[in-house]
Structure formats: structure tokens, C-alpha cells
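In: Quick one, fold the following:
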Amino acid sequence: DTAFLWRAAGNTVTPPGQWNQIAQQVAAARSLNIDESSRMFALLGLAVADAGVTSWETKYTQLIWRPETGIQLGDTDGNAATISDGSWTPLLATPNHPSYTSGHSTFSSAAAAILRNFIGGDNFTFTVSGDGRTRQYTNFTDAMNEAGMSRIYGGIHWQFDNQAGLAAGTGVGNWVFANALAVPTPGAGGALAVAGLFAARRRR
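Out: Here you go, the predicted structure:
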């Protein structure tokens, strides 16, 4: 059920879309105004976009095979400690790109980091729906971890894909929140206005 809940394959909202749906629940439950909502969704969008860049650049740098290939061809990897199981197949269809790192894990941890930072904590009750299944969570971290594990349950990622993706996405999300779309303090706003006025006078 976890594998199918978080599958979010093509022609669906995809994993970033599932986290946008979670953010919609945050906006409604916290009665965010238009400025607050705009900032939250913009930060979320930036984080998951950067998470995608991070994961896919790593995939095509490392070029690590998927479990389906690794298990079926385990006797051809030059490691005497591994054997092959030519009949093994995963629960989910294997994606057509390399395994390391997990996109689901990287997207989910980046999104969870944004939402934790935005509301100032981890605890928030919400639901996730996908593939005819619905599950309730009480914090962002549990959902993030299940999204990552869903790809292992589905047989299409290794645990090291998941763990590295969670670490990378968390770093991306925390960095984006701390550095992007920062709200100027009143003092900083005044300084920017003075700087703009000075620049305008120089152009004249």
C-alpha cells in the first residue's frame, strides 16, 4: 500500500504535486493570507525544483543500476559475494533512469524541510492520497520517510539511494528556506529604498 500510495507516476500529480497538496492543507488549516501562501508555495516550488536538479545530476554522474538489474545480474558485477536471481522482478515498473539517488526521497525531504521551517515545527496532521489509497500523517518527517521507503517496498531503489536522497533533499530545503525569498526587515527595507534613490540620482 505504501508503494502504491506514493507511486505518483506519469499522468498524476507526481511526488512534488503530492507535497503541493500537503501544502494546500497547511494553508487552509493555518488560514494563511495571500502573501503567506504565495511565499510558502514559492519556496516549496524552488526547493523541489532544486531537489530534482540535484538528484538527476547525481543519477547521471554515478550511473548506478536499479535493483532489477543488480539482482538479476548479481553474478556479473565482479563481486564474489553476490549471486544472481534471474527471475526476480519488482512490485513497481522500473523507471528508465539510473537509481542513485532516489528522486522521491530527494523531493520529499526538500519539501518536508520547507514545511517544517515554514510552520516552525514538524507536527501537523494531514492526508496523502494516491492510487486509490489514503493515509493520515501527524508530521512531515514520517511522510517524508515513508515516501522514501515506498520506492524500496516497490523494488525500484536501494536503501542507499533513499538515505542519500533524504540527506540531499533536507540540505536543499533548509538552504532554500534560509536564503531564498527572504523577507527584508523594516531597517533593511529602508536601506534598500535609500540605495535605490541614490542609484536613480546617479543615473540622472
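
In: hey, where'd the strands end up in this structure?
Out: Here the chain has its strands, by DSSP state E, at 123-130, 133-139.

In: Could you say which of the ones you listed is packed most deeply?
Out: Most buried of the strands of the chain by mean neighbour count (mean count of other C-beta atoms under 10 Å) is strand 123-130; its value is a mean of 15. C-beta: built from backbone N, CA, C; applies to glycine.

In: which outside residues touch that strand?
Out: If you take C-beta atoms under 8 Å, 6 or more residues apart in numbering as the criterion, strand 123-130 is touched by 4-8, 12, 18, 21-22, 25-26, 29, 115, 134-140, 143.

In: which ones are touching the residue lying closest to Asp1 once chain neighbours are set aside?
Out: Nearest non-adjacent residue to Asp1, counting by C-beta to C-beta, 6 or more residues apart in numbering: Arg133, 5.5 Å away. Arg133 makes contact with Asp1, Phe4, Leu5, according to C-beta under 8 Å, 6+ apart.

In: What's opposite Arg133 in the beta bridge?
Out: Gly130 (DSSP bridges).

In: Could you number the chain from 26 rather than 1 from now on?
Out: Got it, the first residue is 26 from now on, which makes the last one we talked about Arg158.

In: helices and strands of the chain: which one bottoms out on pLDDT?
Out: Lowest on mean pLDDT, DSSP states H and E among the helices and strands of the chain sits helix 211-228, with a mean of 60.

In: For the protein, give me the ranges with low pLDDT.
Out: Residue ranges of the chain with pLDDT under 70: 211-229.

In: what are the ranges of the helices in it?
Out: 27-30, 39-54, 59-87, 92-97, 128-144, 165-178, 184-204, 211-228 (DSSP state H).

In: Next, the contact list for the residue positioned nearest the centre of the chain, please.
Out: Per C-alpha atoms, centre = their mean, the C-alpha nearest to the average position across the chain is that of Phe132, at 1.3 Å. Neighbour list for Phe132: Pro40, Pro41, Trp44, Val73, Ala76, Gly77, Ser80, Ala172, Gly194 [criterion: C-beta under 8 Å, 6+ apart].
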